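Colleague: next one to model:
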Amino acid sequence: MSSKYKRVGTKTSSFGSPGRIGHDSTPFYTSKLYEGLPKEEMVKYVENPIRKSRKGTYGFSRMGNCVSLLFSLYYGIFNIVRLVKTVKCKLEVNQQERQSILETISRFTQACNDALEIARENKIWNTYKLHHACYYSLKEKYQLTSNYIIRAIARVTTKRQRKPKSFKGGSIELDKDLFSIEAKERISLATIGGRLKLKLSIGNYQRGLLKGQKPKSATLIYNKRKKAFYINFVLEKEVPTPFGGNSVGVDLGINNIATTSNGLRFSGKKAIHIRKHFAKLRQSLQRKGTKSSLRRLKWLSGREQRWMADLNHRISKRIVESCKEGDVIVFENLTHIRKRMRVARKQRLIQHSWSFSQLQTFIAYKALEKGIPVIFIDPAYTSKTCSRCGSLGSRIRHSFFCSCGYRNNADYSATFNISSRGHALLVGALSKSPDVGSTDKPAALAVGV
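Modeller: Modelled structure (predicted):
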């Protein structure tokens with residue numbers, strides 16, 4: 001039955017109703033309600049074409065540009081490369097602040113050990129499940145803030161080759177809610193006694209790195225030997241995209257710490273002497289076993305490592321400074337080399353104290369700051385292959401001989417082989433288009449250690 005009264009609406013009353021499919025809403029948007037608002041403007045869409053190379057394939061004609069593109073794909077999105085750097089700063093604290101921080105570290109360590117015990121008893125190594133198993137009990141027992149309990153659980157579930165029997169006090173991992181950098185070189189740190197405003201004892205180097213930065217994570221460390229507190233800020237820094245096509249081989253060793261194909265060589269005689277000196281000193285003090293000798297051993301702890309780290313820093317700086325724009329640093333992949341090599345008993349001390357990994361790490365991050373890529377190659381027969389004819393020769397101590405008449409220092413000859421293998425890997429990586437969907441990295445693009 002039809003309605004007696006006919007529904008009469010305005011021009012815009014049907015806008016928004018279910019039957020608006022073919023509705024013209026122009027009168028509504030041209031009414032006084034929308035009067036004076038900026039109108040849409042048509043913008044011309046321009047797309048930059050990809051230049052076609054001479055070979056008929058789309059891409060870059062220069063090998064260096066292709067390397068840059070590949071490294072961009074594996075480092076981030078569209079040439080955005082970030083370098084993670086740690087800045088160590090000393091904290092100035094009074095006696096009251098010192099006690100509050102020490103008590104916080106002590107309770108945090110005890111919470112870690114309790115969480116570790118619960119994880120072992122119940123065989124729980126998943127962060128989410130362990131959180132539900134012990135979060136409230138740990139928070140009630142130690143009266144720490146939520147973030148400290150979460151950090152303690154995360155420390156237990158961190159993947160390691162071997163789980164520790166127990167955690168020793170001395171450090172705390174901090175997130176952005178547990179600390180913050182404030183004006184006048186001060187930080188705000190959460191403790192069991194409330195927020196503490198602590199002054200940083202830093203120099204111009206740290207000031208330059210921290211300027212304009214807002215770190216999201218840090219590590220609070222207590223040095224028992226110096227009885228001082230340090231905080232290591234984790235900073236992210238944008239660096240140039242790794243770019244290069246000219247390979248520079250770097251051969252690492254014991255007699256020569258590092259030898260490069262561009263003419264640098266760093267002798268290891270002093271490092272060997274220092275290693276033997278500290279080993280003899282430790283052996284002598286351990287035999288005595290007196291209180292004074294134990295105090296001396298404690299004083300010596302870490303001194304050898306600090307000396308070697310300083311030497312590696314200086315060597316890595318020289319190597320990176322010697323590289324030009326467009327170079328690629330090529331290393332041998334020395335992972336598990338100690339298991340593969342057999343040496344005499346007298347040489348074991350020097351062999352097992354060889355810090356090649358640390359030197360590679362220092363060179364890698366310094367090179368990344370300058371936009372220089374670092375790649376790794378298979379080390380097999382690099383020091384026994386002739387860099388001129390490619391056949392196997394003979395090595396007698398530090399000299400290399402080949403049947404073709406070529407003769408050179410064995411380390412220098414190895415650097416040329418490392419460089420040529422790195423170049424071959426780069427060409428091989430560029431001959432195939434990168435599989436962006438794949439999670440596996442090509443061997444030539446394995447940056448870092």
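Colleague: helix or strand next in line after the worst-scoring helix or strand of the chain on mean pLDDT, which one?
Modeller: Every helix and strand of the chain was ranked by mean pLDDT, DSSP states H and E. The lowest is helix 63-75, at a mean of 34. Next in sequence after helix 63-75, counting helices and strands by DSSP states H and E, comes strand 81-92.
Colleague: and the strands in the stretch 51-200 of the chain, which stretches?
Modeller: Under the criterion DSSP state E, counting those that start in this stretch, the stretch 51-200 of the chain contains strands at 81-92, 171-175, 179-182, 186-191, 194-201.
Colleague: relative to strand 81-92, how tilted is the helix ranked longest in the chain?
Modeller: The residue-count maximum for a helix in the chain (DSSP state H) belongs to helix 95-122. Helix 95-122 runs at 130 degrees relative to strand 81-92, counting by axes from the mean of the first three to the mean of the last three Cα atoms, to 10 degrees.
Colleague: so which of the strands of the stretch 51-200 of the chain gets nearest R388?
Modeller: Among the strands of the stretch 51-200 of the chain, the nearest to R388 by Cβ to Cβ is strand 81-92 (37.2 Å). Any C-beta I mention is one placed from the backbone N, CA and C, and that applies to glycine too.
Colleague: centre of the chain to that closest one, how far?
Modeller: Centre-to-centre, strand 81-92 and its host chain are 12 Å apart (Cα atoms, centre = their mean, to the nearest Å).
Colleague: okay, the angle between that strand and strand 186-191?
Modeller: Relative orientation of strand 81-92 versus strand 186-191 (the same axes, to 10 degrees): 80 degrees.
Colleague: list the buried residues in the helix or strand that contains A367.
Modeller: Using DSSP H and E, the element containing A367 is helix 356-369. Under the neighbour-count criterion of 16 or more other Cβ atoms under 10 Å, helix 356-369 has 356, 358-360, 362-368 buried.
Colleague: pull the residues that contact it.
Modeller: Under the criterion Cβ atoms under 8 Å, 6 or more residues apart in numbering, residues 81, 83, 85, 237, 239, 242, 250, 252, 257-258, 308-309, 312-313, 315-317, 319-320, 323, 329, 331, 334, 337, 373-374, 447-449 lie in contact with helix 356-369.
Colleague: and for stretch 180-197?
Modeller: Stretch 180-197 has contacts (Cβ under 8 Å, 6+ apart) with 91, 93, 97, 100-101, 103-104, 107, 143-145, 147-148, 174, 177-179, 198-200, 202, 207, 210, 213-215, 220, 231, 233.
Colleague: of those residues, buried ones?
Modeller: Looks like the contacts of stretch 180-197 have 91, 93, 97, 100-101, 104, 107, 144, 148, 174, 178-179, 198, 200, 202, 210, 215, 220, 231, 233 buried, using 16+ other Cβ under 10 Å.
Colleague: please parse the chain into its domains.
Modeller: 85-239, 244-445 (automatic domain parsing).
Colleague: that older thread, pLDDT added to the buried residues of helix 356-369, as JSON lines?
Modeller: As requested, these are exported to JSON lines (pLDDT from 0 to 100):
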{"residue": "F356", "pLDDT": "84"}
{"residue": "Q358", "pLDDT": "90"}
{"residue": "L359", "pLDDT": "91"}
{"residue": "Q360", "pLDDT": "91"}
{"residue": "F362", "pLDDT": "92"}
{"residue": "I363", "pLDDT": "92"}
{"residue": "A364", "pLDDT": "89"}
{"residue": "Y365", "pLDDT": "87"}
{"residue": "K366", "pLDDT": "90"}
{"residue": "A367", "pLDDT": "89"}
{"residue": "L368", "pLDDT": "86"}
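Colleague: which strands or helices does the longest helix of the chain pack on?
Modeller: helix 127-142, helix 146-157, strand 171-175, strand 186-191, strand 194-201, strand 217-223 (3 or more Cβ pairs under 8 Å, 6 or more residues apart in numbering; DSSP states H and E).
Colleague: for the last one, give me every contacting residue.
Modeller: Outside strand 217-223, the residues within contact range by Cβ under 8 Å, 6+ apart are 101-102, 105, 169-176, 179, 189, 228-234.
Colleague: out of those residues, which are buried?
Modeller: 101, 105, 169, 171-174, 179, 189, 229-233.
Colleague: and those residues, which is closest to T415?
Modeller: Among those, and counting by Cβ to Cβ, the member closest to T415 is N232, at 34.9 Å.
Colleague: next up, phi/psi of the closest one, please.
Modeller: The phi/psi pair for N232 (degrees, to the nearest 10) reads phi -100, psi 110.
Colleague: skipping adjacent residues, who's closest to it in space?
Modeller: Once flanking residues are discounted, N232 sits nearest to T219: 4.5 Å by Cβ to Cβ, 6 or more residues apart in numbering.
Colleague: and that neighbour, how many neighbours?
Modeller: 15 (other Cβ atoms under 10 Å).
Colleague: hey, what's it bridged with?
Modeller: T219 has these beta-bridge partners by DSSP bridges: E173, N232.
Colleague: quick check, pLDDT for it.
Modeller: pLDDT recorded at T219 is 95.
Colleague: for A410, the count of nearby residues, please.
Modeller: A410 is flanked by 23 other residues according to other Cβ under 10 Å.
Colleague: shouldn't it be in contact with C402?
Modeller: No. Between A410 and C402 there is no contact, the gap being 11.3 Å when judged by Cβ atoms under 8 Å.
Colleague: that older thread, pull out the buried members of the contacts of helix 356-369.
Modeller: Buried by 16+ other Cβ under 10 Å: 81, 85, 239, 242, 250, 252, 257-258, 308, 312, 315-316, 319-320, 323, 329, 331, 334, 373-374, 447, 449, out of these.
Colleague: quick revisit: would a markdown table of the helices and strands packed on helix 95-122 with distance to A279 be doable?
Modeller: Listed next are the helices and strands packed on helix 95-122 as a markdown table, based on distance: least, Cβ to Cβ, whole Å:
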| stretch | distance to A279 |
| --- | --- |
| helix 127-142 | 41 |
| helix 146-157 | 33 |
| strand 171-175 | 28 |
| strand 186-191 | 40 |
| strand 194-201 | 34 |
| strand 217-223 | 24 |
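Colleague: so of the buried ones among the contacts of helix 356-369, which ones are in strands?
Modeller: Taking DSSP state E as the definition of strands, the buried ones among the contacts of helix 356-369 contribute 81, 85, 239, 250, 252, 257-258, 329, 331, 374.
Colleague: and the least confident of those?
Modeller: Minimum pLDDT for those is recorded at V81 (67).
Colleague: where does pLDDT dip in the stretch 1-150 of the chain?
Modeller: Along the stretch 1-150 of the chain, the parts satisfying pLDDT under 70 run over 1-81.
Colleague: kindly recompute the last result at 50.
Modeller: For the stretch 1-150 of the chain, applying pLDDT under 50 flags the ranges 15-21, 40-80.
Colleague: now swap in the stretch 301-449 of the chain and tell me
Modeller: Across the stretch 301-449 of the chain, the ranges flagged by pLDDT under 50 are 430-449.
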